[in-house]
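*Asks:* Okay, here's the prediction I keep looking at, along with the sequence it came from:
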Amino acid sequence: MTQRDPQLPLFLGLMSGTSADGIDAALVQFPEQGGCHFVHGQTYAWDAPTRQALIALGQGREPESLDALGRLDAQVGIAFADAANQLLDEAGVPRTQVQAIGSHGQTIRHRPLAEPAFTWQIGDANRIAELTGITTVADFRRRDVAAGGHGAPLMPAFHLAMLGSADEDRAVLNLGGIANLSLIGRDGSLRGFDTGPANALLDGWCQRHLGHAFDADGAFAASGRVNEALLTRLLAEPWFALPPPKSTGREQFHLEWVEAQFDADAVTPADVQATLLELSAATVADALLTHLPDVRRVLACGGGVRNPTLLRRLQARLPGVLIDSSAAHGLDPDYMEAMGFAWLAHETLAGRPGNLPSVSGARGLRILGAIHLA
């Protein structure tokens with residue numbers, strides 16, 4: 001926890017990503033001269049039944065009933081409110097000092113190529129506003145989708161505001177459940193898109209075979225060997241060849257998709273894990289070298305920065321590129337997305353757009369999110 005500026009309003013960001021491994025909560029301030037001042041952050045684990053339900057829905061499973069989905073929406077909203085309240089208690093910050101909460105919610109479907117396209121994040125923001133007493137901005141993605149965009153990724157605008165440089169081209173790499181890139185030109189130009197799975201498949205396979213929520217330090221992957229035939233089949237997935245704008249999620253990249261590519265008797269679980277890690281590294285590197293081939297600095301964030309095995313494989317595929325943590329530039333890699341949704345709430349309340357058509361493919365700039373007043 002760091003000292004806050006008593007002259008600046010506070011914003012609180014809430015985020016649960018594709019892996020559904022917890023609710024990231026970040027308390028921040030935005031100085032007038034720019035930048036993001038991180039005050040306090042914490043991750044709060046989902047209870048096991050809720051996490052299982054969220055992962056199942058995210059992978060395309062149908063809900064048991066409308067009643068069950070309605071209850072889950074309320075439960076997720078309550079859990080987000082609990083996370084916000086707990087963070088403020090830990091930081092010793094009165095609710096009255098927080099101008100707004102920016103809540104991403106939990107994605108259960110993302111179909112940007114459907115007709116009509118849609119994206120759906122649950123976590124009732126009315127509950128968050130009611131249980132915290134703080135104005136809450138939520139449902140950020142659907143306005144961009146309504147304007148013809150993918151509604152994702154949303155972080156490139158935040159990355160540009162916080163990490164752009166007039167001295168060099170930069171890439172910001174988010175290694176969450178899904179990997180995405182923000183390609184920031186020194187001239188202020190920006191492109192951003194998902195590259196494919198980062199941790200989602202690794203976490204799921206590790207959970208299934210070791211009973212662990214994630215592969216700590218990439219040790220499970222490091223114990224196996226890449227199966228080149230399997231890797232080739234996985235890389236042949238047509239989605240990887242699509243041009244930006246593009247986005248994806250668990251409903252496309254899930255364990256059933258992986259298992260359809262191999263004979264279970266012909267590979268060991270450790271070799272599959274090693275191959276899935278190589279898939280993540282290969283698709284990120286291929287996308288980067290295709291779309292920003294002269295880049296020499298990559299700023300990494302998300303849970304994948306704590307997987308040294310994944311970072312080594314990325315570095316091997318990107319010789320001459322410095323892969324650095326966003327922490328070296330003042331932004332905690334564990335809370336980048338939570339900070340980003342706090343920033344989006346800040347922009348929405350200021351009446352400024354939060355999307356970028358060059359990233360999402362939307363028809364124009366749009367103010368994102370619905371405001372739930374305290």
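*Replies:* Arrived safely, thanks for sending.
*Asks:* Could you give the average pLDDT over stretch 34-53?
*Replies:* Stretch 34-53 shows a mean pLDDT of 95.
*Asks:* Quick one: distance of that stretch to the chain centre.
*Replies:* Taking Cα atoms, centre = their mean, to the nearest Å, one finds the center of stretch 34-53 at 12 Å from the center of the full chain.
*Asks:* can you give me the end-to-end distance of that stretch?
*Replies:* By Cα to Cα, to the nearest Å, the extent of stretch 34-53 from end to end equals 39 Å.
*Asks:* And the strands in the chain, which stretches?
*Replies:* Using DSSP state E, the strands of the chain run over 10-15, 23-29, 37-44, 98-103, 106-111, 118-122, 136-138, 170-175, 178-184, 190-197, 297-301, 322-325, 370-372.
*Asks:* now the angle from the first one to strand 98-103?
*Replies:* Yep, that's strand 10-15 we're talking about. Comparing the axes of strand 10-15 and strand 98-103 via axes from the mean of the first three to the mean of the last three Cα atoms, to 10 degrees yields an angle of 10 degrees.
*Asks:* likewise the fifth one?
*Replies:* Calculated by the same axes, to 10 degrees, strand 106-111 forms an angle of 50 degrees with strand 98-103.
*Asks:* what number of residues lie near residue 262?
*Replies:* 17 (other Cβ atoms under 10 Å). Bear in mind the C-beta positions are built from the backbone N, C-alpha and C, glycine included.
*Asks:* per-residue confidence at it?
*Replies:* So, for residue 262, pLDDT stands at 88.
*Asks:* Over to the one 10 residues further on?
*Replies:* Predicted confidence (pLDDT) at residue 272: the value is 97.
*Asks:* Which residues are in contact with it?
*Replies:* 205, 224, 227, 230, 258, 262 (Cβ atoms under 8 Å, 6 or more residues apart in numbering).
*Asks:* Just the pLDDT at the first one, thanks.
*Replies:* What the model reports for residue 205 is a pLDDT of 96.
*Asks:* what's the answer for residue 19, then?
*Replies:* So, for residue 19, pLDDT stands at 82.
*Asks:* ok, back up a step: to residue 274, which of the strands of the chain lies closest?
*Replies:* strand 190-197 (14.4 Å; Cβ to Cβ).
*Asks:* how about the closest one: buried residues?
*Replies:* 190-197 (16 or more other Cβ atoms under 10 Å).
*Asks:* Which residue comes closest to residue 130 once chain neighbours are left out?
*Replies:* Counting by Cβ to Cβ, 6 or more residues apart in numbering, residue 81 is the residue found nearest to residue 130 once chain neighbours are left out, at 7.7 Å.
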